[in-house]
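Participant: Output the structure for:
(2 chains)
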Protein chains: 2
Amino acid sequence: MGTKNNESQLSAGVTRSDRQMADGRVIRYYDTAGQSRTAHDQREREEQPGIGELRLDPLVNEWVAMASHRQGRIFLPPKELCPLCPTRDGLLSEIPESDYEVAVFDNRFPSLRPPSNSWQLPNLAGLETPIVDAAGKCEVICYTAEHAVAFKDLSLARIRTLLEAWRDRTRELSKLDFIEQVFIFENRGEEIGVTLFHPHGQIYAYSFITPRTEKMLQVASKYYQDHGRALLVDVIAREIHDEVRIIARNEHWIAYVPWAARYPFEIHVAPLRFVADLSELDGEQCDAFPALAKEVMQRLDGVFGIEMAYIAAWHQAPVRQGRRELGLHWQITSVRRQPGKLKYLAGSESAMGAFIMDMKPEQSATQLREVKL
Amino acid sequence: MGTKNNESQLSAGVTRSDRQMADGRVIRYYDTAGQSRTAHDQREREEQPGIGELRLDPLVNEWVAMASHRQGRIFLPPKELCPLCPTRDGLLSEIPESDYEVAVFDNRFPSLRPPSNSWQLPNLAGLETPIVDAAGKCEVICYTAEHAVAFKDLSLARIRTLLEAWRDRTRELSKLDFIEQVFIFENRGEEIGVTLFHPHGQIYAYSFITPRTEKMLQVASKYYQDHGRALLVDVIAREIHDEVRIIARNEHWIAYVPWAARYPFEIHVAPLRFVADLSELDGEQCDAFPALAKEVMQRLDGVFGIEMAYIAAWHQAPVRQGRRELGLHWQITSVRRQPGKLKYLAGSESAMGAFIMDMKPEQSATQLREVKL
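Facilitator: Numbering: from 1, shown residues only, chains lettered A, B, ... in the order given. This is a model prediction of the structure:
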């Protein structure tokens, strides 16, 4: 699990300093000015929760993680007690330093944990499939020491540092033998159950291929066989050809509302040159990302002039398969239909997986494009 | 769609009377006392909205329905203007009669509509798959003329009538050549976006196999090949063997929290003798259903002593395939974790389809069993 109390040098002038927390977890500071990170975690040592379990849902052959210890997690604390703010007089937060740029620490209430012994995901054997430890890793990524800002308020330099942290976590977690897939995401907004307001994202590194990725992998593999190209390459070619759903682009990235969007506002952001995951982006792609990412998030909040609830999800190819078939893209979905109205996933979506959209993708793309920045 | 102004006799002493509404839609009254339904819909004729479209999401080969005309639908009207209450002085509702038992009418804002011309679902051809009319049928089922009650408050006789209406709709909709799957469900609670409080359910009759059913069909077909039995039969055998997750049963039905539940409260209700859909239930199974259904809904509301938000979804085999592999069951899911806390589908569930449960199924089964009725 990451070397403890160690320093390393990444791309784009970013340094990483690892420090051990009071309860044995690790925090990693990603910095751009060679800061020395020596602050000690002064909190009492707390017992680490046990590992959860994975059970197979036999009706669909999908793993469900059970993490019953998570019920006690912190729920919308007041600003003075924010665990993602830097430590200060009167607040011993998750981050011992008095300031930071980007910090990534092991989740205190992880749904998935590194397994203690030699661990293997059982073969799917329907009703006979045994329960297994919920192996994996959950981390929290803090974007800034400032409590009351959003992704769209970050400087371009900070988004570049954040990208470097995402890339570093993807690379390192991919090396663990019990990890099959690294998922980096941000949930924003009380409407979707966010329990901490401080700008942050999360990482779930799964020990299994998730159901959505499995399905995408099936479809993309068939496509690769038939066409000799990654599906995402041709999806992007259609969006460029149709033009009407594109909301932003630059030399290396494109942002569009997909042809069959499922949410009132759904935006996909993809690099124009295919890569399997964040670690495969080259320097030019990395440097071109911050401006486009910031613009997309500004457009989203600009549609109604309010903070939009969203899920921003990095789809990456799994660690050990599908790496020429599945391409990196960032899927941002918002359930906000109108200022006072949300889209809920009810019977059709939730039980049947059949999505009903109240708005055509071309309509939301127009609204997003028309936002004055 | 359905014969207009017609009477018919169903099982269990239920009669059905069809009447045409002002705008050409049909309302069907399901009665137990031979009532004569002659009331005329006095509203002005209203233009029917156009049909929506189906687009294929090429990344997962799933159909998404686009119904942009639905934005104008009625949102939480005050009780005095409830469109599901019987018509009375000052209120011309969707139901012209001054009283009713169970009534089913064509949805005024349907996501799916009968196609006007000869219609065929296109073959999946990835990015080349054409847009097609969103064929199907959407209906609304009113459980009672009383505005302020819930499913659990219905009399056993009324639940039996409701079951007969569900069976009748399943049978009739299954005969339409553009229908592949009949989905009957109830959304309850503002927390999941319910826009009308009056106790009612809905029917979505799809012109395609929904993604969830497709997946269940794949798994169940493989199981049938390997074992010569329907998967659901063996799933129920495990629940009976394990016993700890059963919350109610009688001679013909069983209710349990499934082994790998995805929601804080999830209950599956299934007949002990396998059937493909509601229309295949025999008289004894039908007569034994109301008591168990009522008990399950009473237990759900009893856990916290509050009205639980839920989705109650009838999984039925598709019309034309999988009828010996896929078995009828009723899946009731609630997002309520604790009185003040909901489970939200955020990054892991929404983007990756990977569910994280905060509670073990055995724990919620115990809570449901311990409710005093």
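Participant: Out of the helices and strands in chain A, which is least certain?
Facilitator: Counting by mean pLDDT, DSSP states H and E, chain A has its least confident helix or strand at strand A:341-342, which shows a mean of 77.
Participant: Sheet-wise, list the partners of it with their directions.
Facilitator: Sheet pairing here is set by DSSP bridges, and for strand A:341-342 it gives strand A:336-338 (antiparallel).
Participant: Flag every buried residue along the strand it pairs with.
Facilitator: Of all the residues in strand A:336-338, those buried under the rule 16 or more other C-beta atoms under 10 Å in any protein chain shown are A:336-337. (C-beta placed from N, C-alpha, C; glycine too.)
Participant: Show me where the stretch 251-373 of chain A dips below the pLDDT cut-off.
Facilitator: In the predicted model of the stretch 251-373 of chain A, no residue satisfies pLDDT under 70.
Participant: Quick check: the residue of it nearest chain B.
Facilitator: residue A:344 (2.8 Å; C-beta to the nearest C-beta).
Participant: count of neighbours near the closest residue to that residue other than its chain neighbours?
Facilitator: Distances taken as C-beta to C-beta, 6 or more residues apart in numbering or on different chains place residue B:193 nearest to residue A:344, at 2.8 Å, with adjacent residues excluded. Using other C-beta atoms under 10 Å in any protein chain shown, residue B:193 is surrounded by 16 other residues.
Participant: now swap in residue A:81 and tell me
Facilitator: So residue A:81, with other C-beta under 10 Å, has 11 neighbours.
Participant: Now it: phi and psi?
Facilitator: Note on residue A:81: backbone dihedrals following degrees, to the nearest 10 are phi -110, psi 20.
Participant: residues contacting it?
Facilitator: Neighbouring residues of residue A:81 by C-beta atoms under 8 Å, 6 or more residues apart in numbering or on different chains: residue A:91.
Participant: Average pLDDT for stretch A:147-155, rounded please.
Facilitator: For stretch A:147-155, the mean pLDDT works out to 96.
Participant: swap in stretch A:170-179?
Facilitator: So the average pLDDT for stretch A:170-179 ends up being 97.
Participant: any idea how far residue A:184 is from residue A:199?
Facilitator: Distance, residue A:199 to residue A:184, by C-beta to C-beta, to the nearest Å: 15 Å.
Participant: More neighbours: those two, which one.
Facilitator: residue A:184 (26 against 23).
Participant: Now the more buried one. Nearest residue, chain neighbours left out?
Facilitator: Leaving aside its chain neighbours, residue A:184 sits nearest to residue A:314 (4.4 Å; criterion: C-beta to C-beta, 6+ apart).
Participant: now swap in residue A:232 and tell me
Facilitator: Excluding its sequence neighbours, the residue lying closest to residue A:232 (C-beta to C-beta, 6+ apart) is residue A:327, at 3.5 Å.
Participant: isn't that neighbour right up against residue A:230?
Facilitator: Yes. Judged on C-beta atoms under 8 Å, residue A:327 makes contact with residue A:230 at a distance of 5.3 Å.
Participant: Could you verify that residue A:287 is part of a helix?
Facilitator: Yes. Using DSSP: H, G, I helix; E, B strand; the rest coil, the secondary structure at residue A:287 is a helix.
Participant: you'd agree residue A:268 is in a strand?
Facilitator: Yes. Judged by three-state DSSP, residue A:268 forms part of a strand.
Participant: so what's it up against?
Facilitator: So residue A:268 contacts A:255-258, A:329-332 (C-beta under 8 Å, 6+ apart).
Participant: for residue A:100, same thing?
Facilitator: Contacts of residue A:100 by C-beta under 8 Å, 6+ apart are A:29, A:31, A:37, A:86, A:142, A:145.
Participant: got it, and residue A:135?
Facilitator: A:51, A:54, A:112-115, A:119, A:121, A:178, A:207.
Participant: Out of these, who's the most crowded?
Facilitator: Busiest of the contacts of residue A:135 [other C-beta under 10 Å] is residue A:112, holding 27 neighbours.
Participant: just to revisit the earlier point, surely the residue nearest to residue A:184 touches residue A:201?
Facilitator: No. Using C-beta under 8 Å, residue A:314 is not in contact with residue A:201; the gap is 9.2 Å.
Participant: between the two, what contacts are shared?
Facilitator: Residues touching both residue A:314 and residue A:201 (C-beta under 8 Å, 6+ apart) are A:184-185.
Participant: okay, now residue A:216: neighbour count?
Facilitator: Residue A:216 has 24 nearby residues by other C-beta under 10 Å.
Participant: again with residue A:177
Facilitator: Residues within reach of residue A:177, counting by other C-beta under 10 Å, total 11.
Participant: What does it show for phi and psi?
Facilitator: phi -70, psi -20.
Participant: Could you do the one 5 residues further on as well?
Facilitator: Listed backbone geometry of residue A:182 is phi -110, psi 120, with angles given as degrees, to the nearest 10.
Participant: what does the stretch 151-300 of chain A put close to chain B?
Facilitator: When proximity is defined as C-beta under 8 Å from any C-beta of the partner chain, the stretch 151-300 of chain A approaches chain B at A:183, A:185-187, A:192-194, A:202, A:204, A:206, A:208, A:210-213, A:215-216, A:219-220, A:223, A:231-232, A:234-235, A:238, A:258-262.
Participant: Out of the residues you listed, list just those in strands.
Facilitator: A:183, A:185-187, A:202, A:204, A:206 (DSSP state E).
Participant: I'd like those laid out as CSV, including pLDDT.
Facilitator: As requested, these are exported to CSV (pLDDT from 0 to 100):
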residue, pLDDT
A:183, 98
A:185, 98
A:186, 97
A:187, 94
A:202, 97
A:204, 98
A:206, 98
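Participant: Flag the shaky bits of the stretch 51-200 of chain A, pLDDT-wise.
Facilitator: In the stretch 51-200 of chain A, residues with pLDDT under 70: A:69-76.
Participant: Please enumerate the strands of it.
Facilitator: Counting by DSSP state E, counting those that start in this stretch, the stretch 51-200 of chain A has strands at residues A:53-57, A:62-66, A:102-106, A:132-133, A:136-142, A:181-188, A:200-206.
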